[in-house]
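Colleague: Sequence first, predicted model second:
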Protein chains: 2
Amino acid sequence: MKKGLFILLFVALLAFSCKKSEPTTSTATESKQTETAVSGDPLPSWNDGTLKKDIIAYVEKVTKEGSPDFIPINSRIATFDNDGTLWAEKPLVQELFAFYRVKKMVEANPALAQKQPFKAVIEKDKSYFEKGGDKALIELVAATHTGMSEDEFEASITEFFKDAKIPGKETALKNIRYQPQLELLNYLRANGFKTFIVTGGTIEVVRGISEDFYGIPKEQVVGTSFKYKYDPVKNVVLREPALDLFNDKDAKPVGIQLHIGQRPVFACGNEGGAGDLAMLKYSQGSKYPSFQMLVNHNDSIREFNYQEKDNLSLSTAAKNKYHVMNMKDDWKKVFAD
Amino acid sequence: MKKGLFILLFVALLAFSCKKSEPTTSTATESKQTETAVSGDPLPSWNDGTLKKDIIAYVEKVTKEGSPDFIPINSRIATFDNDGTLWAEKPLVQELFAFYRVKKMVEANPALAQKQPFKAVIEKDKSYFEKGGDKALIELVAATHTGMSEDEFEASITEFFKDAKIPGKETALKNIRYQPQLELLNYLRANGFKTFIVTGGTIEVVRGISEDFYGIPKEQVVGTSFKYKYDPVKNVVLREPALDLFNDKDAKPVGIQLHIGQRPVFACGNEGGAGDLAMLKYSQGSKYPSFQMLVNHNDSIREFNYQEKDNLSLSTAAKNKYHVMNMKDDWKKVFAD
């Protein structure tokens, strides 16, 4: 599992320079369409079509008391992946945060700029990480994400998000959220569902914005975690430079069991890195009627167009009858603004 | 940390034969007192006194908008230990469950009765566990709590609690819950607090009853957990025979950080095994006004009278100004019935 995060970070580092294809914010026309949406429509940024109808039909059938499909309120668990599912995964926020931490640490202690792995980040030296492999990446993660108390780490997250902008734009980072998903979260909650984020991202980084960005409280975020240790003298929980759970792929059902304790009946992930297939399958094993949805990034104009080389997520969705959300066709508007 | 659980189980096994001093159910008089309690009193089973006044004053001050002591609703986190805090720890339910599992497994496969560690449990052979030490106890935990899917384990918990009685009594196990604490949980929730159980017990065992017994959903239970593994073929999460977190003492702040992600502002534990001191101290480190309460088992008539040999919990409470709940004086009624 450790290997996985290193690969993720490695890939992130290889894509080091700022991406040019940032998400376009939605047009004034789209915005107007939303405003003039039929009043009472719980999903105004979703185009009327099969998927929107299916979502509403599912929610109505499982919340109707006396129906054989009824789900008791305590089992209305909805889980959403974050990167590429609730917000765009380009830019990758976790990557921006790691580089922000390096910058801050070097500002506080300029000598670090001459020390690896800081030097390589500052000088955008990809070869250092290519040559150094796991060892160099462990150094980077350890130096930027651990070795401090939870209170200190939380303060650095708050500071990062306060002024964070989408690179190359003057738009707040918050605008990479998908407006239709915000409406879906609200709609589910209005129908008694408890909404959770189940992300491969670092749990505390996502908890830092989950309430403000999505209306999801900290304790309803399941993510990648480092090992913790309580220091009774300082009365703080310390983050240790060792992974506890890399919450991606087959680890997502594990994170769900540990944090939630039951299978989600509604699960939503995205294609791109095949990270959510185990979560969707686990949801489908629920004893209650369940709903699985996969975000397909096929909108090169308003967002991005990217697929997995082997097309695994989409072919699995077809085989297992997961609902596929085609961004180009199913969403009237993409970004919150 | 592993050692801790083994010691716990070891102690439990040494206290093998059914205890004679089961909790007495509350008297009719007490029950009547409760019924005639002043209407509008949120804590009718608590005697009027300093502690009750302090609890109400705290809740009122931190929920008053505009007050300097105001706590935003998302940070109103209340954590309660379970054994000895929300329900009596004699009998120890975790112990009853382990023995129940042994009985069921031997019924299904009588040959097991001749095999250790089952044989020792069936024959009440304390010496086997005394001699076998950690190794024998690992065997027992592995054999009764792991090596199955979460779905199977959950089914066995449901079955156990369905008919479970307090040993030697014909009273449902549910009646070991403390009535005043049920009122306190309700009172806190009515004031926007989110209530969590933070227990040394096995997380799934407590999740099996948390909603029914306490109105606390599964995902708000933090407890001792085993390692999990997802089996993609069977689409189940398996429990592996290895501890992940023994959620007691200094591990409680760790469990809180992992599952909740912020310090509790209200924390309640009990003296008897010094298991809750780190949680209380961690709560006291909150940036908000906080409240710590320690249950003192000093009521030999209605419950039990027991103390730690070194009196560590009570002396720490005095030093750190935690509120001490003296059962004998502070509770009008002890058990729910």
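Modeller: Okay, I see it.
Colleague: For the stretch 1-150 of chain A, what lies in contact range of chain B?
Modeller: A:74, A:77, A:150 (CB under 8 Å from any CB of the partner chain). In short, each C-beta sits where N, CA and C put it, glycine included.
Colleague: and residue A:231, how many neighbours does it have?
Modeller: 12 (other CB atoms under 10 Å in any protein chain shown).
Colleague: and the longest helix along chain A, what other elements does it pack with?
Modeller: If you go by DSSP state H, chain A has its longest helix at helix A:126-145. Where contact means 3 or more CB pairs under 8 Å, 6 or more residues apart in numbering or on different chains; DSSP states H and E, helix A:126-145 is packed against helix A:2-14, helix A:93-108, helix A:118-122, strand A:236-245.
Colleague: Give me the buried positions along that helix.
Modeller: A:128-129, A:132, A:136-145 (16 or more other CB atoms under 10 Å in any protein chain shown).
Colleague: For those residues, could you give me TSV that also reports pLDDT and distance to residue A:230?
Modeller: Converted to TSV, these look like this (pLDDT from 0 to 100; distance: CB to CB, whole Å):
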residue	pLDDT	distance to residue A:230
A:128	88	35
A:129	78	33
A:132	84	32
A:136	72	30
A:137	66	27
A:138	63	23
A:139	70	25
A:140	74	26
A:141	70	21
A:142	71	19
A:143	80	22
A:144	86	22
A:145	82	18
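Colleague: Can you tell me which of these is closest to chain B?
Modeller: Minimum distance to chain B across the buried residues of helix A:126-145 is 14.4 Å, recorded for residue A:145 (CB to the nearest CB).
Colleague: what's the burial count for the closest residue to residue A:202 other than its chain neighbours?
Modeller: Spatial nearest neighbour of residue A:202, excluding adjacent residues (CB to CB, 6 or more residues apart in numbering or on different chains): residue A:224 at 5.2 Å. The number of residues packed near residue A:224 is 26, by other CB under 10 Å.
Colleague: Might one say that residue A:84 is in contact with residue A:294?
Modeller: No - using CB atoms under 8 Å, residue A:84 is not in contact with residue A:294; the gap is 10.4 Å.
Colleague: Low-confidence ranges, the stretch 51-200 of chain A, go.
Modeller: A:134, A:137-138 (pLDDT under 70).
Colleague: mind redoing it with 80?
Modeller: For the stretch 51-200 of chain A, the stretches with pLDDT under 80 are A:95, A:129, A:133-142, A:147.
Colleague: if we can go back for a sec, could you look over the helices and strands packed on helix A:126-145 and pick the most buried one?
Modeller: helix A:118-122 (a mean of 20; mean count of other CB atoms under 10 Å in any protein chain shown).
Colleague: hmm, who's touching that helix?
Modeller: A:99, A:102-103, A:105-106, A:112-113, A:125, A:128-129, A:136, A:140, A:143 (CB atoms under 8 Å, 6 or more residues apart in numbering or on different chains).
Colleague: go with 7 Å
Modeller: Contact with helix A:118-122 is made by A:99, A:102, A:105, A:106, A:112, A:113, A:128, A:129, as judged by CB atoms under 7 Å, 6 or more residues apart in numbering or on different chains.
Colleague: Alpha carbons of the longest helix of chain A, as PDB, please.
Modeller: The C-alpha coordinates for helix A:126-145 follow below in PDB (Å, rounded to 0.1, in the frame of the first residue of the first chain):
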ATOM      1  CA  LYS A 126      12.500  15.800 -11.700                       C
ATOM      2  CA  SER A 127      15.600  13.700 -12.100                       C
ATOM      3  CA  TYR A 128      16.200  13.700  -8.300                       C
ATOM      4  CA  PHE A 129      12.900  11.900  -7.700                       C
ATOM      5  CA  GLU A 130      13.400   9.700 -10.700                       C
ATOM      6  CA  LYS A 131      16.800   8.500  -9.400                       C
ATOM      7  CA  GLY A 132      15.900   8.600  -5.700                       C
ATOM      8  CA  GLY A 133      12.800   6.500  -6.100                       C
ATOM      9  CA  ASP A 134      10.900   5.500  -2.900                       C
ATOM     10  CA  LYS A 135      13.600   6.800  -0.600                       C
ATOM     11  CA  ALA A 136      13.400  10.400  -1.900                       C
ATOM     12  CA  LEU A 137       9.700  10.400  -1.900                       C
ATOM     13  CA  ILE A 138       9.500   9.100   1.700                       C
ATOM     14  CA  GLU A 139      11.800  12.000   2.600                       C
ATOM     15  CA  LEU A 140       9.400  14.500   0.900                       C
ATOM     16  CA  VAL A 141       6.300  13.100   2.500                       C
ATOM     17  CA  ALA A 142       8.000  12.900   5.900                       C
ATOM     18  CA  ALA A 143       9.300  16.400   5.700                       C
ATOM     19  CA  THR A 144       6.100  18.100   4.600                       C
ATOM     20  CA  HIS A 145       3.200  16.100   6.100                       C
END
